[in-house]
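what follows is a predicted structure for the sequence shown.
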Amino acid sequence: MIVSVLNNKGGTGKTTSAVNIAAATAQRGKKTLLVDLDPQGNATTGLGFEKATLPATIYNVLSQTRRADEAMLGTKVENLWLIPSNLDLAGAEVELSSAPGREYLLREALATSKGNYDTIVIDCPPNIGLLTLNALVASDLLLIPVQCEYYPMEGLPTLLKVMDLVKSRLKTEFDYRILLTMYDRRTALSRRVLEQVRTNFDERVMKTVIPRSVRMAEAPSKGQPGIVFRPKNTASEQYRSAARELLETPPLAHA
Ligand code: ATP
Ligand code: MG
């Protein structure tokens, strides 16, 4: 199953969710590949890699100078591999814009890996450009982290409209789930967002809710997923629960 973690809004917990859910599925014994598809390379540094000295990146894979398996790095988490990213990827959007089948490059590049891994998790950049379109086309399931605040929730209908457009124009099929992040049960706003999102999106909202946690924010500076850095933290427990919930989500087949 290929899961893309995306939201065109910045800072909603995409990378934190991608890294921790990928690490949690790996810890459950599933062979897992995390693809860093963001030029910011946050998932790459979050797993302890130095962005300046990477032998190959997702940029090389998309521009077809490396195969996906040639760009993969083993990580300190058992069963977890990474295709890293750095600023090289920033040029890809322009360079690949005239490539034939430009929206299908990632799906094709991951076709072989899809059979070799139980789960592939893709961390998307905070916009809907060519990179995110590639992730949408490659995915069976989209995971949309929504921070428990007002603006992120306000942007959701627009994002869902774009997803529908991609489905019909690019003839692809995927399902989606919303993951509420940075929940603070002491604030009325968090509780209200939770309630409204559940009312509006019903069974498409993950039962698991990720609480706000200083430890989660601290983990990337240690080059570790939060669930490895502080396994007993409540947010870590919830990310393990989110991974379990996702693995139980039956994906729709590609059209
Ligand atoms: P971008 O759009 O820039 O890629 P993002 O959606 O990937 O951002 P993150 O980088 O995961 O979001 O998170 C944004 C910030 O919030 C980071 O500083 C991160 O450490 C922090 N953060 C994420 N999840 C939590 C949490 N549960 N509790 C506290 N802080 C968190
Ligand atoms: Mg990110």
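Yes, it's here. Residues are numbered from 1 along each chain as shown. Ligands and ions are numbered 1, 2, ... in the order given.

which of the helices or strands spans the nearest residue to Tyr239 once chain neighbours are set aside?
Take Tyr239 and drop its neighbours on the chain: the residue closest to it by Cβ to Cβ, 6 or more residues apart in numbering is Asn20, 3.9 Å away. (C-beta placed from N, C-alpha, C; glycine too.) When secondary structure is defined by DSSP states H and E, Asn20 falls within helix 14-27.

using CSV, write down the CA coordinates of that helix.
This file holds the C-alpha atoms of helix 14-27, laid out as CSV (Å, rounded to 0.1, in the frame of the first residue of the first chain):
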residue,chain,number,x,y,z
LYS,A,14,2.8,16.1,7.6
THR,A,15,6.5,15.2,8.1
THR,A,16,6.0,14.3,11.8
SER,A,17,3.2,12.0,10.8
ALA,A,18,5.0,10.5,7.8
VAL,A,19,8.2,9.8,9.8
ASN,A,20,6.4,8.4,12.9
ILE,A,21,3.8,6.3,11.1
ALA,A,22,6.5,4.9,8.8
ALA,A,23,8.6,4.0,11.8
ALA,A,24,5.6,2.5,13.6
THR,A,25,4.7,0.3,10.7
ALA,A,26,8.4,-0.8,10.5
GLN,A,27,8.3,-1.6,14.2
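
centre of the chain to the helix or strand that that helix is followed by, how far?
Sequence order places strand 32-36 as the next helix or strand after helix 14-27, per DSSP H and E. Strand 32-36 has its average C-alpha position 9 Å from the chain's average C-alpha position, going by Cα atoms, centre = their mean, to the nearest Å.

any part of strand 32-36 near ligand 2?
No: for strand 32-36, no contact with ligand 2 is found by Cβ under 5 Å from the ion; the gap never falls below 8.9 Å.

make sure Ile178 is indeed in a helix.
No: following the definition DSSP: H, G, I helix; E, B strand; the rest coil, Ile178 is strand and is not counted among the residues of a helix.

touching, it and Gln147? I think so.
No: if you go by Cβ atoms under 8 Å, Ile178 and Gln147 don't touch, sitting 11.3 Å apart.

tell me, how many residues neighbour Glu245?
15 (other Cβ atoms under 10 Å).

ok, it - contacts?
Glu245 is in contact with 206-208, counting by Cβ atoms under 8 Å, 6 or more residues apart in numbering.

inside helices: which ones of those?
Using DSSP state H, no member of the contacts of Glu245 falls in helices.

can I get the residues you listed in CSV including neighbour count and distance to Gly13?
Below are those laid out as CSV (neighbours: other Cβ atoms under 10 Å; distance: Cβ to Cβ, whole Å):
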residue, neighbour count, distance to Gly13
Met206, 20, 12
Lys207, 10, 17
Thr208, 18, 13
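
need the contact list for Asn60.
Counting by Cβ under 8 Å, 6+ apart, Asn60 touches 66, 70-71, 88.

hang on, I meant Ala43
Contact analysis of Ala43 by Cβ under 8 Å, 6+ apart lists 15, 18-19, 34, 36, 82, 84-85, 123.

swap the cut-off to 6 Å and go again
With contacts defined as Cβ atoms under 6 Å, 6 or more residues apart in numbering, Ala43 is in contact with 15, 18-19, 36, 123.

can you confirm it is in a strand?
No: assessed by three-state DSSP, Ala43 does not belong to a strand; its assignment is helix.

relative to Leu34, how far out is it?
In this structure, Ala43 and Leu34 are 6 Å apart, going by Cβ to Cβ, to the nearest Å.

before we move on, what about Ser241?
The spacing between Ser241 and Leu34, counted by Cβ to Cβ, is 19 Å.

likewise for Ala138?
Shown here: Ala138 relative to Leu34, a distance of 14 Å by Cβ to Cβ.

the two: which is more packed in?
Leu34 (33 against 26).

residues in contact with that one?
Neighbouring residues of Leu34 by Cβ under 6 Å, 6+ apart: 22, 82, 121.

kindly recompute the last result at 8 Å.
In this structure, Leu34 makes contact with 18-19, 22, 43, 47, 80-83, 120-123, judged by Cβ under 8 Å, 6+ apart.
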